[in-house]
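**Student:** Any chance you could fold what I've pasted below:
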Amino acid sequence: MQKQPGLPRRESPVSLALFDFDGTLIPGDSVAYYLRFARKQRAVNAGEFLRALWAAAKYGMKRMSDADSKSAALAFRKRHDSKALEELDRTFVQHVLLPKVYADGKKRMEELRREGKILALVSASTENYMRFVAEALGFDVLLATPIEPDGTVKRNCKGEAKARRVEAWLAENGLTADFASSWAFGDSKSDLPMLRLCGHPVQVNPRKALREMAPEMETVIWKQ
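**Tutor:** The predicted model follows:
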């Protein structure tokens, strides 16, 4: 993980605002949206699409890991050059993801930015397109799932890995966090390790499992 080159110099400790993406800032699963978009753009052939759907079904049945399911969805990338893939990713974000971002979420981000928080997008979605999301929405930091050139996912930024990525980023940048004054936003039980880092955890449009596991947390409903 590289230091964030555009992040202004900060004195420690810093106060953070950590945001999950899928289900928190947008409805639904961005990887599924990405696969469908790539199919429409003819970047994914019929065989690749069917194999990705089968992998998603196996993940749903708990017969495949999330990382392996994502690898199957992104396997088409090994057939394309980097320039074509960058254009695909940028166009996908512009035309599919950004219009789905909750207006309430963007408003909360702006409020926290004005308060001087470091805004971090902490997502299990993959870096290849999430970097354009982070840039468009003005995040200071992106901590997402890295992928290999062939689309393989080896280190999924999910669950406990989210909290570890935040702590590693702080250490790599010589920072300590004032977690008591920090905020975190998530929608599922896999966000709990990240939510529990912060003094102000918020469930956004939460799934049933998260509500049951952390009934004490603040809950908000965000809309377009």
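**Student:** Output the contacting helices and strands for the strand ranked longest in the chain.
**Tutor:** Scanning the chain for the longest strand, with DSSP state E as the assignment, gives strand 118-126. Secondary-structure packing of strand 118-126 (3 or more CB pairs under 8 Å, 6 or more residues apart in numbering; DSSP states H and E): strand 16-19, helix 30-40, helix 103-114, helix 127-137, strand 141-145, helix 160-172. (Each C-beta comes from the backbone N, C-alpha and C, glycine too.)
**Student:** Any idea which of the ones you listed gets closest to Ala184?
**Tutor:** For Ala184, the closest of these is strand 16-19, at 4.2 Å, according to CB to CB.
**Student:** okay, now the domains of this structure?
**Tutor:** Recorded structural domains for the chain (assignment: automatic domain parsing) are 16-27+101-220, 30-97.
**Student:** Which of those domains has the highest mean neighbour count?
**Tutor:** Among the domains of the chain, domain 16-27+101-220 has the highest mean neighbour count (mean count of other CB atoms under 10 Å), at a mean of 19.
**Student:** and the end-to-end length of that one?
**Tutor:** 19 Å (CA to CA, to the nearest Å).
**Student:** quick one: average pLDDT of it?
**Tutor:** Taken as a whole, domain 16-27+101-220 has a mean pLDDT of 97.
**Student:** Could you give the separation of that domain from the chain centroid?
**Tutor:** How far domain 16-27+101-220 lies from its chain's middle: 7 Å, per CA atoms, centre = their mean, to the nearest Å.
**Student:** What's the separation between Arg155 and Thr145?
**Tutor:** Using CB to CB, to the nearest Å, Arg155 is found at 7 Å from Thr145.
**Student:** Check Thr91 too.
**Tutor:** For Thr91 relative to Thr145 (CB to CB), the value is 20 Å.
**Student:** With Pro215 instead?
**Tutor:** Pro215 is 29 Å from Thr145, by CB to CB.
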